[in-house]
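*Asks:* Next comes the sequence, and after it the predicted model I'd like to discuss.
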Amino acid sequence: MVSALVLGWALGVAVAVALEPEAAKPPGSDLIAYEAAKAGAGRDADAHVALALWCEAHGMPAEKATHLARAVLIDPSHAKARGLLGYVKHEGKWLRPEEVSRAVEDSPESRALFREYQERRVKARDKADDQYRLAQWCDEHGLAQQATAHFHRVVELDPGREGALRKLGFKKVSGHWIKPEMLAAAKAEREAQAKADKLWRSRLAHLKDDLSGRDKAKKAEALEAIAKIDDPRAVPMVWNALALGEERWQRLALQIFSQIDSPGSSIALATMAVFHPSIELRSQASQVLLRRDPRSFAGELIGLLRDEIEYKVRAVNGPGSQGELLIKGKGANVDRVYRPMQGPILAPGDWLSIDDYGMLIANRYLGATTTRSTTYNAAPAADVPASVVAANVAPQLAPYLEKSGLPTQMAPAAPSAGAPWPQAPAAGSYVFGGYKGIGFRYTPSYSYDMYTKTTTTAETLKIPIGWMMMQARESAAVAQQQLSDDVRELDAYNASLREVNDRALTVLRSVSGSDPGPKRESWDKWFVDLQGYAFRSQTQPEPEPPTIVEEVPINYQPIPLGGTVSSSLPTSSVTRSHQVVAANVSSTMPFHSCFAAATMVKTLRGGRPIESIRPGDQVLTQDTAKGSFQYRPVVTAYHNPPNETYRLNLGKESIVATGIHRFWKAGHGWIMAREVKPGDRLRTIGGAAEVVAVTKDQVQPVFNLQLDGGDDFCVGELGVIAHDNSFVNPVERPFDGVPALADLGTSRKP
């Protein structure tokens, strides 16, 4: 058997072994299981890599190196084994990063080309055309990764630049620029989910049939099968087949969602915790969520929070009174105006009478008159008392005349005693249609003198103000009813919002252990911080929102004069809808975690301070799905304002970063700096470094990078794996996950 020392020397792993800290050895029973797995690994490279990871986690660095060396001897191109040893493939050779840097520096051609590239990069302005020309030059001179970085910048400056988009691998599909690999991945995901949907649709249907039947044995088997469901892809069909059914099926759905620990099942549970009508089931769903990572579902709950609609009301106070409903919005206010009919208005000189229905009429001279005089031989008449005048008019009109304040000479005068009462000509009655409730009437009127009879015929307008007042009152009542209906709808809408808000807030407060308040903005900040991101607000002062005035049609049709009078108000079926006008209160720009100045980054040309790196520089990145290393170009370098930082003491060196910066925790995945604890092991180039202490550091300017074709880079002398400025994707299975003892050697090949 080849010794670990010889293999380490042959493969350059002796340094890595020396750097690995010794830890407490596993108990004897575990060592026995390990020895059995080692003996059965044979020539299976994957089995040796799994054994290496187990040894690393249990403080056995020499054994780890031995297994990785064997894996490489069996499969020289084994990406994970090479990555765990800290090797990167450069120009067809497996080298350590420092060897790659020396090879680049030792090449006169590489030095000359890189020098010219740097000169051109300095001269190129940050304009789309300049960056495009620089990218083309890089492309022509074999600097493919640098070309990619500058084509990225072109697209940032000019999103429609087709030449740059095509160079970056985009294709135009249905008017949208999309990368084929993204389409392929989306298609593969759809197909995989469709296949799972078909499987689970059939399986759940059979289980429901068995549970609905009378066969007790089948019922027991069905319940046992349901208790074993843990496939995340089953969630959509469980929702459709069970959660949308009767309560007994909903209870089973809740049970299955509780068994499946995935973002999809957590979102399903959150939905049930808010919207299920049963308090019991809502409570059970909430209890399960307490054991879940809130980052997988809290965003859905926060998205349910809505502000209530604010409004002010001015009631309709009778005919001619304008009612208003002012609905406040962030983008615009809406002023709904309810304007009923105006009541009749008397003009000076009008006099009143009543019609055949007992309704009040206003009489108005229109000015056209004819006069004819006849002399009588009679003594002058004495003054006629008002009581005589009142006796000669309809008794029911007297109160209107007294209230009208009209002069008494406008009332017909009675002749003196003994004087002949002239024959009054028949009154002509002519009503012109088309003018609702108003008609023109020609009526003779008379005045008498003891000596001279004067007949004056005047054209008068008879205005049915009684009808008009009734219609105006009815119109005002309808307008107020419409206003009340609209307010009632707003109140009902706000009540439904409050109920959803209260339920969502109850769950959020429970899972978070905090209460930022009822507003969505406060919970957004909490959720962003929970995920390890920060948002730099660029809020501008809000201008006063405009007010849109909306005349509301009153659902009242006036009754024409002479029509059938009805005291009932007209009814109608009206469908109303409310549109809430929303606007962005502030624009936000996401920025992520960062490093302090002077943090060294592993680049193609050696270690460089992070603040000196520019787009086009190539940095070392690890593929956290496969475990392999490669060099990828920086597309954006971020120089951010001062921020609070944490110092991670790794013994031989310290890394200073903001609290939300992610590092790869060996065997687990991404972890924020503020969550790192002493004893945690962070993945490095060719090994893992144990954290000695984590302390708060000073507030200082911070820096970060974003890569093309990678989402992390290596910092410090040890090359700690740290995430870049892109969003962090969830890790389902870490590439360096520690296998269970029972799984060691089970995948070995014959």
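*Replies:* Perfect, thanks for sending it.

*Asks:* how about the strands of the stretch 251-400 of the chain, start to end?
*Replies:* With strands called from DSSP state E, counting those that start in this stretch, the stretch 251-400 of the chain shows them at 310-314, 323-328, 333-338, 351-354, 360-375.

*Asks:* Any idea which of the ones you listed gets closest to residue 515?
*Replies:* Nearest of the strands of the stretch 251-400 of the chain to residue 515, taken as CB to CB: strand 310-314 at 23.2 Å. Any C-beta I mention is one placed from the backbone N, CA and C, and that applies to glycine too.

*Asks:* Any chance you could list what contacts the closest one?
*Replies:* 322, 323, 324, 325, 326, 327, 328, 483, 487, 490 (CB atoms under 8 Å, 6 or more residues apart in numbering).

*Asks:* Generate a PyMOL selection restricted to the buried subset of these.
*Replies:* Remark: buried members of the contacts of strand 310-314, expressed as a PyMOL selection using 16 or more other CB atoms under 10 Å:
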select buried, resi 323+324+325+326+327+483+490
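
*Asks:* Tell me the one of the contacts of strand 310-314 nearest residue 654?
*Replies:* residue 328 (53.1 Å).

*Asks:* Check the gap between the residue nearest to the closest one when sequence neighbours are not counted and residue 304 for me.
*Replies:* Spatial nearest neighbour of residue 328, chain neighbours left out: residue 310 (4.2 Å); criterion: CB to CB, 6 or more residues apart in numbering. Distance from residue 310 to residue 304, counting by CB to CB, to the nearest Å: 19 Å.

*Asks:* okay, these two: which has more neighbours?
*Replies:* Higher neighbour count among residue 310 and residue 304: residue 304, with 19 against 12, using other CB atoms under 10 Å.

*Asks:* how about the more buried one, what does it touch?
*Replies:* Taking CB under 8 Å, 6+ apart, one finds 274, 500, 501, 504 in contact with residue 304.

*Asks:* ok, and the most crowded of those residues?
*Replies:* Most surrounded of the contacts of residue 304: other CB under 10 Å gives residue 504, at 24 neighbours.

*Asks:* Please identify the helix or strand for residue 664.
*Replies:* strand 662-665 (DSSP states H and E).

*Asks:* next one: the helix or strand containing residue 64 to chain centre, how far?
*Replies:* For residue 64, the element it lies in under DSSP H and E is helix 61-74. Centre-to-centre, helix 61-74 and its host chain are 50 Å apart (CA atoms, centre = their mean, to the nearest Å).

*Asks:* pLDDT of it, averaged?
*Replies:* Helix 61-74 shows a mean pLDDT of 96.

*Asks:* Can you point out the buried residues in that helix?
*Replies:* Of all the residues in helix 61-74, those buried under the rule 16+ other CB under 10 Å are 61, 63-74.

*Asks:* pLDDT below threshold where in the stretch 351-500 of the chain?
*Replies:* Applying pLDDT under 70 to the stretch 351-500 of the chain picks out residues 367-458.

*Asks:* Show me the strands in the stretch 1-150 of the chain, by range?
*Replies:* Taking DSSP E, counting those that start in this stretch as the criterion, the stretch 1-150 of the chain carries its strands at 88-90, 93-95.

*Asks:* Put together a markdown table for those, with mean pLDDT, mean neighbour count and distance to residue 603 on each row.
*Replies:* Shown next, in a markdown table, are these (pLDDT from 0 to 100; neighbours: other CB atoms under 10 Å; distance: least, CB to CB, whole Å):
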| stretch | mean pLDDT | mean neighbour count | distance to residue 603 |
| --- | --- | --- | --- |
| strand 88-90 | 95 | 19 | 12 |
| strand 93-95 | 96 | 15 | 15 |
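
*Asks:* and of the ones you listed, who's closest to residue 354?
*Replies:* Evaluated with CB to CB, those place strand 88-90 nearest to residue 354, the distance being 106.8 Å.

*Asks:* In terms of secondary structure, what does that closest one contact?
*Replies:* strand 93-95, helix 97-105, strand 629-649 (3 or more CB pairs under 8 Å, 6 or more residues apart in numbering; DSSP states H and E).

*Asks:* try 7 Å
*Replies:* Applying 3 or more CB pairs under 7 Å, 6 or more residues apart in numbering; DSSP states H and E, one finds that strand 88-90 contacts helix 97-105.

*Asks:* Work out for me the element residue 461 sits within.
*Replies:* Counting by DSSP H and E, residue 461 is part of strand 452-463.

*Asks:* wait, I meant residue 199
*Replies:* Using DSSP H and E, residue 199 falls in helix 180-212.

*Asks:* which parts of that helix are buried?
*Replies:* 196, 200, 203, 204, 207, 208, 210, 211.

*Asks:* Show me this structure divided up by domain.
*Replies:* 28-85, 102-180, 181-292, 595-723 (the TED database).

*Asks:* distance between the first one and the chain's centre?
*Replies:* Right, domain 28-85. 47 Å.

*Asks:* pLDDT weak spots in the stretch 601-750 of the chain?
*Replies:* 745-750.

*Asks:* if you set the cut-off to 80 instead, what comes out?
*Replies:* Confidence mapping of the stretch 601-750 of the chain against pLDDT under 80 gives the ranges 730, 732, 741-750.

*Asks:* Run through the strands of it in chain order.
*Replies:* 606-609, 618-622, 629-649, 654-658, 662-665, 669-672, 681-684, 687-690, 693-707, 712-715, 720-723.

*Asks:* Can you show me the helices along the stretch 151-300 of the chain?
*Replies:* Remark: helices assigned in the stretch 151-300 of the chain by DSSP state H, counting those that start in this stretch are 162-167, 180-212, 216-226, 235-238, 247-259, 263-275, 279-289, 298-304.

*Asks:* Export the ones you listed to a markdown table and append columns for distance to residue 724 and mean pLDDT.
*Replies:* Putting these into a markdown table (distance: least, CB to CB, whole Å; pLDDT from 0 to 100) gives the following:
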| stretch | distance to residue 724 | mean pLDDT |
| --- | --- | --- |
| helix 162-167 | 21 | 96 |
| helix 180-212 | 19 | 95 |
| helix 216-226 | 43 | 95 |
| helix 235-238 | 31 | 97 |
| helix 247-259 | 34 | 96 |
| helix 263-275 | 23 | 96 |
| helix 279-289 | 31 | 96 |
| helix 298-304 | 22 | 95 |
